[in-house]
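> This is a predicted model, with the sequence first.
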Amino acid sequence: RKLLEHNFLADGITEYCVTFKFLPMCLESARQNPYVGLATCFEVLADIISAIPVRQEKDRGTTREQVVDVSDLADFLGMARSKYIVQSCISRCSLKLKGRCFHLLMTLENWNRTFEPESDSTVLAYNLRELLHKGQQSHPERRVTRLRL
């Protein structure tokens, strides 16, 4: 929550921030999907913020604002049928830099799991993820996020 709060309040001039193209579409897709919801969407956005690298640009030095196109994520949020699949989708995403904007792409691995229903194994995986998240809150330096670049 603090990560999102800090990011959304940062101005991108004096403080680094990640700006999401198509954020309203993401939020609306998550809100309308009973399997996902806004809380899960915010978890995924926080994971994206953590995974986006700070880039150096020759003409401007360190970039203070990084734009990420999340239109593909918005489509995925509208179709997913499992909260856990959504929460873990970042580990199966790819990130492509086009100009000055990153495009978050939901790979075939994600799309193949779109209609995967909740099962005992996904509930167990969700509970394990919650335990890991609580452990990371007490030791934030141990946070690990996988994202293919």
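Perfect, I can see it now.
> Please make it C-alpha for all contacts and neighbour counts, starting now.
Will do.
> ok, residues contacting the helix or strand harbouring P24?
For P24, the host element (DSSP states H and E) is helix 23-32. For helix 23-32, contacts defined as C-alpha atoms under 8 Å, 6 or more residues apart in numbering pick out 36-38, 40-41, 70-71, 73-75, 77-78.
> Can you add neighbour count and give the residues you listed back as a markdown table?
Shown next, in a markdown table, are the contacts of helix 23-32 (neighbours: other C-alpha atoms under 10 Å):
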| residue | neighbour count |
| --- | --- |
| V36 | 23 |
| G37 | 18 |
| L38 | 17 |
| T40 | 18 |
| C41 | 23 |
| V70 | 24 |
| S71 | 20 |
| L73 | 27 |
| A74 | 21 |
| D75 | 15 |
| L77 | 29 |
| G78 | 22 |
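> ok, those residues vs I90, which is closest?
Taking C-alpha to C-alpha as the measure, L73 is the one of those closest to I90, at 9.6 Å.
> Just say helix, strand or coil for that closest one.
helix (DSSP: H, G, I helix; E, B strand; the rest coil).
> repeat for Q66
strand.
> Skipping adjacent residues, who's closest to it in space?
V18 (4.7 Å; C-alpha to C-alpha, 6 or more residues apart in numbering).
> where does the one you found sit relative to N33, distance-wise?
When distance is defined by C-alpha to C-alpha, to the nearest Å, V18 is 25 Å away from N33.
> ok so, going back, any chance of a markdown table for the contacts of helix 23-32, columns pLDDT?
Output for those, formatted as a markdown table (pLDDT from 0 to 100):
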| residue | pLDDT |
| --- | --- |
| V36 | 93 |
| G37 | 94 |
| L38 | 95 |
| T40 | 93 |
| C41 | 95 |
| V70 | 96 |
| S71 | 96 |
| L73 | 96 |
| A74 | 97 |
| D75 | 97 |
| L77 | 96 |
| G78 | 95 |
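> Kindly reformat those as a markdown table containing distance to L104.
Listed next are these as a markdown table, based on distance: C-alpha to C-alpha, whole Å:
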| residue | distance to L104 |
| --- | --- |
| V36 | 18 |
| G37 | 20 |
| L38 | 19 |
| T40 | 17 |
| C41 | 14 |
| V70 | 6 |
| S71 | 8 |
| L73 | 7 |
| A74 | 10 |
| D75 | 12 |
| L77 | 13 |
| G78 | 16 |
